[in-house]
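>>> Following is a predicted model, sequence given first.
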Amino acid sequence: MNNSATTIQDPGVAVPGATLRPYLKRKKSSLGETKVAVVGAGGVGKSALSVRFLTRRFIGEYDQSSDTKYKHTAIVDGESVGFELLDTRSVNEDNGARDEVIRWGDGFMLVYSVTSRTSFDTLLDIRRKIEDVKKVGHVPVIVVGNKADMAHVRQVTQDQGRLLAIDFGCPFMEVSASEDVNKVLESFHVLCREILDYKRRSRTFLDRVFGLKKS
């Protein structure tokens with residue numbers, strides 16, 4: 001895994017008319033930095049989604065030779081959230097879901113292309129491996145179908161994607177990294193909410209079990 005981190009400043013477009021100064025005064029999350037890994041088969045647009053989220057720009061071609069880790073700050077539900085985002089590279093058909101990636105991540109964006117049934121079918125194996133490595137019954141994930149703008153070559157219906165997410169017990173979104181930046185941003189924010197809710201529930205459980213004082 002490439003441990004070098006690229007810090008990208010939040011351009012501040014999440015709230016129309018806002019400036020950078022109010023963001024700097026926002027209270028940061030008390031639950032620490034949110035570690036998100038973007039996983040899925042090669043060619044589904046993992047890098048395009050990651051860069052869209054980080055910079056609001058779209059890249060059509062991306063020559064990725066290794067995993068790439070970024071640092072980013074975004075406003076989610078009025079709260080400043082620090083992200084570590086890992087854009088994974090698929091190596092030897094591992095779909096980016098290597099043991100070290102899974103151990104590192106707090107939550108996972110499971111990406112497939114609506115134009116590739118094979119990339120959709122791999123999500124079952126990815127989900128199973130995440131649960132095996134994490135050794136817990138629930139891990140924050142979101143199922144994201146990318147390339148929704150390419151309906152003329154669609155191989156996976158929206159209902160099929162939605163049903164898979166219901167089976168996983170997680171949110172689902174169809175997006176187009178090339179055409180809809182707002183849906184891409186929302187997909188990351190939805191996953192962030194899942195992670196923060198999971199962390200809050202976990203901390204509350206530990207407080208009950210061990211009688212820890214809440215911060």
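All right, it came through fine. Residues are numbered from 1 along each chain as shown.

>>> Report the helix or strand with the lowest average pLDDT across the protein.
Across the helices and strands of the chain, mean confidence by mean pLDDT, DSSP states H and E is lowest for helix 20-24: a mean of 36.

>>> any weak-confidence spans in this protein?
Screening the chain residue by residue with the criterion pLDDT under 70, one finds the ranges 1-32, 61-64, 203-215.

>>> same thing but 80
Counting by pLDDT under 80, the chain shows low-confidence ranges at 1-32, 60-65, 137, 202-215.

>>> burial count for Lys135?
Lys135 sits with 7 neighbouring residues when counted by other CB atoms under 10 Å. Just so you know, the C-beta spots here come from the backbone N, C-alpha and C atoms, and that holds for glycine as well.

>>> try Asp197
For Asp197, the number of neighbouring residues by other CB under 10 Å comes to 12.

>>> Against Asp149, how distant is the residue nearest to it when sequence neighbours are not counted?
The shortest distance from Asp197 to any residue that is not its chain neighbour, by CB to CB, 6 or more residues apart in numbering, is 7.8 Å, and that residue is Pro140. Remark: distance between Pro140 and Asp149 (CB to CB, to the nearest Å) = 27 Å.

>>> Between the two, which is the more surrounded one?
The residue with more neighbours, out of Pro140 and Asp149, is Pro140; 23 against 14, by other CB under 10 Å.
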